[in-house]
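Visitor: A predicted structure for the sequence below; I have some questions about it.
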Amino acid sequence: MATTSNILTLLKYNCSKQKTNMLEYGQFADYIHRYAQHHMDENPDLVAYCSADYKMVLEAEINSLVAEKQVAIGTIRNKDYIFVVPYFIEKYNGILTQIETNPSVPLPNVNELPKQVPHDILSKVEPDEIVYKRLEKEELDDKKLYCIVFGKNFPALLYPSNYPMERLIGLCLKKVQELLHKEESHDYFLKKLTISNPGKELSIKNFFTQFVQNPQAALDVLKTSGDTFYYWSQMCYFLKQDYTKLKDFTPEDISILQSVAMIEVATSFHKSKTQERLAQEAAFEQLDLLMKNPPYYYNMADIVKMKDKNGIPLLGQYKEDQLKEHLKNKTTEAPENQLPDLLIFKVSNESGYYIYKDKVIPLILRLANDIRVLVREALIKSWYHKLLEYEVLPEMRENYAFEECLEREISSVEPILHALLNSPFLQVVSLEDQSTGHIALYKDGERIPYSEILMVSRQEILADAKLKLPFWYSMPIISLILKLIFRKPKKKVKKNKKDSVTLQAQEELKEKEKEEFRKRDEDDSVDPLKARRRDLRKAAMELESQFVPENSTLDRELKGYMHEWNDRIGKQNYENLGEDVDSLIRDYFRKVLRTLKADSFNAERISHLAEALVDTPSMMKIKNHPALKRYVELYILKIVKNLPSN
């Protein structure tokens, strides 16, 4: 042994050398004094034990070890003895290791401790406390000898802290397995289990047979599903019931009772962990489903706030670090040469947004369809004013400048669409997309122009803008003279200007809609029918925020969902199906409207009405039912919102 000044190490060394579990205090003090004098030159820390008061120094060190429960002091025949806990830990670790190869050896219990050994060396714990702690997070050391107390019926189990809990549970399983291998015990306990579970004879026999053949495999089944927990608890109950009737316990009987008690706690732990894991998996499945619903793109703040179908926050059913790990796996794990299912994109300097791969193309098409009219009308209006002042913009004449203009408009009006169109994964997603009505966003390795995506034409926009001009603008000579007289000098435009004419158009539409509602409701307070319609319209206006995202409109959402469920090819077929569905909704809701009151018109009622309609035979032929249901909800909201005043 290398020279050391550590008293605990020297105590363990002397116990092992003398093959004893206790050292006489005075003799050990003399040994330390001689040891220090002999090795003082090699280890200067031993100087304190060479002085005349070395016993006081040693006493202080021993007292600190007693406080840490590393040693205990006991008196035998007026002499003090030191009992070294690590020595006992090694001893009982060896006994448990021996049982692994010879299950007939009894488990160590507290009655086997020599009478002179003080129980101060033991750390008393309840079975569930130590089993749950060690199975949750195993930390092996040689600092504690646990005394697992099962009550007053049978002695406590001695368990060294350097022995893994999983292995101890394995020993307990082997003990019970060995008992049930005996023919009389096998048939007896199988019969008791079968009688107590009428109608489940086959599953009981399968469980019992698997346990007898391989108890660890039976425990693994419990860890996976938790379905066999009831059988485990019943088997343990019957074993305890029979053995506690005994008056005198043999060491083997005590081992069986200890094993059964430990198995009960271990199976309870694994059941709770299985339930927790299954609940987390269900919560993550719910999260994945929610993330596949409109608007399809979510940042971390949105994901953290998501709730299950009962309105309970999902964060809480799993932890935040588990959520981050789940999202990390979804965004990194993928088959060879394919993108992950979940992708990340950024909008300018904002945090990243998550979107499922199969929702990228539908979202691009929906957003492009939503802003097409806005962008076109805004450009016509803007170009009209410029032409009115005899100004000609580069985007009016050049396709390249026109594409840049469209990009600016898209970036300002719908930054999500702009970010997706410029994302690094778009080309691969477009190639992998095999959805119905697939649209190729790439040709010859290049993304198609913004004008094709929005389906707008520079020439058409310019022609429409010119049509709004006064007639003399079409007369070359007069137009030229007026141009020279009234044309304003060009103003320098600051770079990085982010204001878009389309935003003004959106605000104007919203203000106009609000004014119409205000005028419509002014004189509805006298007539009961008018009053009911007014209240319904008011309720619809309040409910709109629950169904329509903040940066969208009701009509925009309706168009988007129409594109999702309406898979008819050809403009005429597409419009016919849309009109048929709208007619069905109007006819259906006309009957409901007769008795509908504002106080019962809420989001839940709208959802029930929509669900009842989409489940009818006429609607069952349409494949995308979630999108159709959402469309029906929005259409009902639109009907109520636009109820006539008279």
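Guide: Received the coordinates, thanks. Numbering: from 1, shown residues only.
Visitor: Low-confidence stretches in the protein?
Guide: Along the chain, segments meeting pLDDT under 70 span 1-3, 349-350, 434-438, 471-529, 569-570, 645-646.
Visitor: Would you map the helices across the stretch 401-550 of the chain?
Guide: For the stretch 401-550 of the chain, the helices defined by DSSP state H, counting those that start in this stretch cover 415-421, 426-432, 450-454, 458-467, 476-486, 501-520, 528-547.
Visitor: repeat for the stretch 151-300 of the chain
Guide: 165-181, 183-195, 201-213, 215-224, 229-243, 251-291, 300-304.
Visitor: For the second one, give me every contacting residue.
Guide: So the one you mean is helix 183-195. In this structure, residues lying in contact with helix 183-195 by CB atoms under 8 Å, 6 or more residues apart in numbering are 179-180, 201, 204-205, 208, 212, 231, 234-235, 238-239. Using the backbone N, CA and C atoms, a C-beta is placed for each residue, glycine as well.
Visitor: mind redoing it with 10 Å?
Guide: Around helix 183-195, the neighbours that count as contacts under CB atoms under 10 Å, 6 or more residues apart in numbering are 176, 178-180, 182, 200-202, 204-205, 207-209, 212, 231, 234-235, 237-239, 241-242.
Visitor: is it true that residue 352 touches residue 299?
Guide: Yes: between residue 352 and residue 299 there is a contact at 6.7 Å, judged by CB atoms under 10 Å.
Visitor: what about residue 530, how many neighbours?
Guide: 18 (other CB atoms under 10 Å).
Visitor: cool, residue 318 as well?
Guide: Counted with other CB under 10 Å, residue 318 comes out at 19.
Visitor: so what's it up against?
Guide: Contacts of residue 318 by CB under 10 Å, 6+ apart are 276, 279-284, 287, 325-326.
Visitor: what do you get for residue 580?
Guide: Each residue near residue 580 by CB under 10 Å, 6+ apart is listed here: residue 618.
Visitor: so which helix or strand takes in it?
Guide: Assigning secondary structure by DSSP states H and E places residue 580 in helix 571-593.
Visitor: could you give the angle of that helix to helix 528-547?
Guide: Angle, helix 571-593 to helix 528-547, by axes from the mean of the first three to the mean of the last three CA atoms, to 10 degrees: 120 degrees.
Visitor: related to what we said a few turns ago, switch the helices of the stretch 151-300 of the chain over to CSV; also include mean neighbour count and distance to residue 624.
Guide: Below are the helices of the stretch 151-300 of the chain laid out as CSV (neighbours: other CB atoms under 10 Å; distance: least, CB to CB, whole Å):
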stretch, mean neighbour count, distance to residue 624
helix 165-181, 20, 49
helix 183-195, 14, 50
helix 201-213, 16, 41
helix 215-224, 16, 35
helix 229-243, 17, 41
helix 251-291, 18, 15
helix 300-304, 14, 23
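Visitor: Relative to residue 45, which of the ones you listed is closest?
Guide: Proximity to residue 45 (CB to CB) singles out helix 165-181 among these, at 36.8 Å.
Visitor: Return the list of helices and strands in contact with the closest one.
Guide: helix 85-101, helix 127-136, strand 157-160, helix 183-195, helix 201-213, helix 215-224, helix 229-243, helix 251-291 (3 or more CB pairs under 10 Å, 6 or more residues apart in numbering; DSSP states H and E).
Visitor: out of these, which comes closest to residue 118?
Guide: Comparing these by CB to CB, helix 85-101 comes nearest, at 10.9 Å.
Visitor: From the chain's centroid, how far away is the following helix or strand past the closest one?
Guide: Sequence-wise, the next helix or strand downstream of helix 85-101 (DSSP H and E) is strand 122-125. The chain centre lies 38 Å from the centre of strand 122-125; the measure is CA atoms, centre = their mean, to the nearest Å.
Visitor: Pairing partners for strand 122-125, with directions?
Guide: Strand 122-125 sits in its sheet next to strand 145-148 (parallel), going by DSSP bridges.
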